[in-house]
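Student: I would like the atomic coordinates for the input below:
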Amino acid sequence: MEVEGASPAIRSALESENGLGNGVVKKNSELKDKMEIEEPSAEVASNSGSRGGWEKGVARVKPEFLVKDHVRELDPKFLSAADQEKFGNPDISAALNAETDGKRGPKLKGRNKNRSKQNYREAVKVCSYISREADCPYGAKCRYSHDLKAYMQTKLPDIGDECVIYQRKGFCPYGLTCRFGASHLNADGTNKKADGFVEGSVVSDVKNGMTKDLQRNLRKRTFDFHDGGQQNKRGGKDRKKGRDVLVAAVEAKKSIVESVIEADAVAEDEDVAVADADIEDESMATGDIRDEEHIRLLPAERKRLNFAGKLYLSPLTTVGNLPYRRICKRLGADITCGEMALANNLLTGQQSEWALMVRHSSEDLFGVQVCGSRPDVMGRLAELLKAEVSVDFVDINCGCPIDLVCNSGSGCALMGRSQRIEGVVKNMISVLDVPLTVKIRTGIHDGKNIAHELIPKLRDWGVSQVSLHGRSREQRYTKLADWKYIAECAEVAAAAADGNPMPLFGNGDVMNYQDYYEHLENTKVAGMLIARGALIKPWIFTEIKERRDWDISAPERFDIFKEFTNFGLEHWGSDTRGVETTRRFLLEWMSFTHRYVPVGLLEQPPQRINERPPHYVGRSDLETLLSSSHCNDWIKLSEMLLGPVVEGFQFLPKHKANAWK
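Tutor: Numbering: from 1, shown residues only. Presented below is the predicted three-dimensional model:
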């Protein structure tokens, strides 16, 4: 297989007549011939601040797999424009590797912020109706091309001859634009249908998508919210309209009261209940009906939350998409939750935000996570979710540390505003017919924990479950999670005066089944959210359920990526846009999976979350490639699954360190 552009360690391991292309697995003895292997130095072995006498913060890999004298090289094409100016020349790259007085020089570290999402645009954008052999309702006014011949001249070559959508459903809606079209296109370019396929017989496995009608109603602000006063709280004309409705409601109430009084004078023996017509706050009015007159569910009537003994995949921004959650469900996750969605964006009908609401049929216990800071907005959102979304619970994110979120008063910033969070919780609980959960951190500032003060209030306000990440907002993801404090908060959550304790789930640094059961046995947590551990190795759910370290093989790991690409093509589409979207999310996920060190290579399993892999070679070419931290090698893996990248393709990794090779 072609290995041009791979990192030096990878390249030397792959340059043989039997490479990845034919799947031949190399033995350890063969790998030793390809590169020098080092024994741990006395200086490293004597490091007293490490686990088992090894370098602190580094996974303990067996000496026969370690790479000796690895020299890093900086790949400028995976740097941001600003970093290219600072580090994009050989002299600076050498300076970064240089050591002064035993210490390494300046580091290239941190995250690449404001990364642009590259969307490939075809030279000729064909109309989707025409590609499906349907009549275009826009006719000559359609802004897309109806010239199939011109499109076929510019269409990129097919990636493979098996379309996963056609195989599963018997019909591919992407027709001529499908990059696997050879399996369902006739010689004249018409789309095939499998034998026995009946139009309209395929039931979608995905729920919670936003319809055009819903989007139109949200954008034009015509969606029927019961809480009309809150809806029209801001805006001149809308506010005046709300007041007009309020006046009409008051007049209607007065007429009802007058008629009842007259009826009482005529028939005093009749028992007539008269509703109070006083309206103290105009924001409580909802047209012809008062909020008090809506039938609210009692706490005992709501669906009960039962997370006991279940494995919870934490909501994960960007990587926690539907195809990834399907992978985790197959590998043992019980509870899944969508990515954090912003309340205002959902209420205004943003397609990208509603894409975070989708639920696959395999997700039998599923929730959505929302973020917002205004009680009135979150109340309307609860009504929208109740009417349009199929979920088992709704989670409020009060733990997001991102500046963009916190600066708006949402996320972790909400923890410091007790009255505001009370309004948010109570407004949503008064509307929802499913349990409401809340995710929080230890506090906002490092060393100033406030979660233990907030937890009893959340329980009293009616929250069904709290998830606690053992870090403050200031820490973000640095240092280890404070499980001692999580244990204290679990005690607080369990100490309910009414004998009905609120379950608390801990979150932070669970990387193996030993971590899971240690926390479960030593604290009163009801369970745990698994986040980065599941990103690095999604089979952690299998390990926990079977109580074993799974020495998963490289082909098995690669098959998981293959399964993800199939799920991605099914979800995002098998045309060029769908292929490149699947590739982008695959590469984002690989920025975590390369951190995994196979169990068979460790001297002292298990690997901990804070232990980075040293430079090593695997037991096979594929295992070595999967361990690479260099972006270019991830792209090569994606090309094995999704074909060559398009011309001009660029991918800027989330972490700057992944520009090293």
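Student: can you count the residues close to residue 645?
Tutor: For residue 645, the tally of surrounding residues (other Cβ atoms under 10 Å) stands at 17. No exception for glycine: its C-beta is placed from N, CA and C like everyone else's.
Student: you'd agree it is up against residue 636?
Tutor: No: using Cβ atoms under 8 Å, residue 645 makes no contact with residue 636, being 9.7 Å away.
Student: where does the stretch 251-400 of the chain dip in pLDDT?
Tutor: Low-confidence segments of the stretch 251-400 of the chain, defined by pLDDT under 70: 251-304.
Student: quick one, helices of it?
Tutor: Listed in chain order, the helices of the stretch 251-400 of the chain (DSSP state H, counting those that start in this stretch) span 322-330, 343-347, 351-354, 375-388.
Student: now for these, which one comes closest to residue 460?
Tutor: Closest approach to residue 460 among these is made by helix 375-388 (16.8 Å; Cβ to Cβ).
Student: restricting to C-alpha, output the closest one in PDB.
Tutor: The C-alpha coordinates for helix 375-388 follow below in PDB (Å, rounded to 0.1, in the frame of the first residue of the first chain):
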ATOM      1  CA  PRO A 375     -36.500  30.800  32.500                       C
ATOM      2  CA  ASP A 376     -39.100  32.000  30.000                       C
ATOM      3  CA  VAL A 377     -37.000  30.700  27.000                       C
ATOM      4  CA  MET A 378     -36.400  27.400  28.700                       C
ATOM      5  CA  GLY A 379     -40.100  27.100  29.500                       C
ATOM      6  CA  ARG A 380     -41.100  27.600  25.900                       C
ATOM      7  CA  LEU A 381     -38.400  25.100  24.900                       C
ATOM      8  CA  ALA A 382     -39.900  22.500  27.200                       C
ATOM      9  CA  GLU A 383     -43.200  22.900  25.500                       C
ATOM     10  CA  LEU A 384     -41.600  22.500  22.100                       C
ATOM     11  CA  LEU A 385     -39.700  19.400  23.200                       C
ATOM     12  CA  LYS A 386     -42.900  17.900  24.700                       C
ATOM     13  CA  ALA A 387     -44.800  18.500  21.500                       C
ATOM     14  CA  GLU A 388     -42.200  17.600  18.900                       C
END
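Student: show me what it is packed against.
Tutor: Packing partners of helix 375-388 (3 or more Cβ pairs under 8 Å, 6 or more residues apart in numbering; DSSP states H and E): helix 228-231, helix 343-347, strand 366-371, strand 393-398, helix 418-431.
Student: repeat that with 10 Å
Tutor: Where contact means 3 or more Cβ pairs under 10 Å, 6 or more residues apart in numbering; DSSP states H and E, helix 375-388 is packed against helix 212-219, helix 228-231, strand 341-342, helix 343-347, strand 366-371, strand 393-398, helix 418-431.
Student: out of these, which gets nearest to residue 199?
Tutor: helix 212-219 (20.7 Å).
Student: buried sites along the closest one?
Tutor: Within helix 212-219, the residues that count as buried by 16 or more other Cβ atoms under 10 Å are 214-215, 218.
Student: list the neighbours of it that are in contact with it.
Tutor: Residues outside helix 212-219 that contact it (Cβ atoms under 10 Å, 6 or more residues apart in numbering) are 210-211, 222-224, 346-351, 354, 384, 387-388.
Student: and with 7 Å instead?
Tutor: Contact partners of helix 212-219, identified using Cβ atoms under 7 Å, 6 or more residues apart in numbering, comprise 223, 347-349, 388.
Student: can you check stretch 376-388 too?
Tutor: Here stretch 376-388 makes contact (Cβ under 7 Å, 6+ apart) with 214, 223, 225-227, 230-231, 233, 343-344, 346-347, 368, 370, 372, 391, 394, 424, 427-428, 431-433.
Student: now do stretch 639-649
Tutor: The contact list for stretch 639-649, computed with Cβ under 7 Å, 6+ apart, reads 120, 156, 159, 561-562, 565, 579-580, 582-583, 635.
Student: now do the same end-to-end measure for stretch 397-416.
Tutor: Chord length of stretch 397-416, first to last residue, is 14 Å (Cα to Cα, to the nearest Å).
Student: picking that back up, just the buried members of the contacts of stretch 376-388?
Tutor: Among those, those buried by neighbour count (16+ other Cβ under 10 Å) are 214, 223, 225-227, 230-231, 233, 343-344, 346-347, 368, 370, 372, 391, 394, 424, 427-428, 431-432.
Student: give me the distance between residue 424 and residue 325.
Tutor: 26 Å (Cβ to Cβ, to the nearest Å).
Student: over to residue 482?
Tutor: Residue 482 is 28 Å from residue 325, by Cβ to Cβ.
Student: quick one: neighbours of residue 462, just the number.
Tutor: By the criterion of other Cβ under 10 Å, residue 462 has 17 neighbours.
Student: what does residue 498 give?
Tutor: The number of residues packed near residue 498 is 7, by other Cβ under 10 Å.
Student: what's the neighbour count on the nearest residue in space to residue 169 that is not next to it in sequence?
Tutor: Spatially, and ignoring its direct neighbours in sequence, residue 169 is nearest to residue 202 (4.9 Å; Cβ to Cβ, 6 or more residues apart in numbering). By other Cβ under 10 Å, the residues close to residue 202 number 14.
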